[in-house]
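**Q** structure for the following, please:
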Amino acid sequence: VAWNKVRKGVFAMERCGETSDDPKEMKRLLLEKVKESVVASSGSIGTSQATWQLPAELRVFMQGQLGIKNLKFIDQVCGAELKAAGLRMSSTKRRIRLEGIGEE
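**A** Coordinates of the predicted model:
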């Protein structure tokens, strides 16, 4: 069960789907979904937008297990996995980009 933001000031309690108990598997799934969002956004996406595009169970894992509230700090907790997935943070940490996409 997790709280999900519906709109400003309004939250709804939702039941999350099945998740793995293995943190490595959950990190892999998290980065896979982030990469899908980055690719769909032509190689660069804002961290807040990418966070809200994640399924609820991955947001709960990110906040509960990784201890980060949005993807702005993903490189601090899974930097090696981020690089292995072909992703990187912008210098301002506001965007996630595919490796090789230029700075702002």
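
**Q** and the next element down the chain from the lowest-mean-pLDDT helix or strand in the chain?
**A** Within the chain, confidence by mean pLDDT, DSSP states H and E is lowest for strand 2-7 among all helices and strands, at a mean of 72. Using DSSP states H and E, the helix or strand that follows strand 2-7 towards the C-terminus is strand 10-14.

**Q** just the CA trace of that next one, in PDB.
**A** Listed next in PDB are the C-alpha coordinates belonging to strand 10-14 (Å, rounded to 0.1, in the frame of the first residue of the first chain):
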ATOM      1  CA  VAL A  10      -4.800  15.400  -2.900                       C
ATOM      2  CA  PHE A  11      -3.300  12.000  -2.300                       C
ATOM      3  CA  ALA A  12      -4.800   8.500  -2.700                       C
ATOM      4  CA  MET A  13      -3.800   5.300  -1.100                       C
ATOM      5  CA  GLU A  14      -3.100   2.600  -3.700                       C
END
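
**Q** and that strand, which strands flank it?
**A** Its sheet considered, strand 10-14 pairs with strand 2-7 (antiparallel) by DSSP bridges.

**Q** for the longest helix anywhere in the chain, what is the distance to the chain centroid?
**A** Taking DSSP state H as the assignment, the helix of the chain that covers the most residues is helix 23-40. Distance, stretch centre to chain centre, for helix 23-40: 7 Å (Cα atoms, centre = their mean, to the nearest Å).
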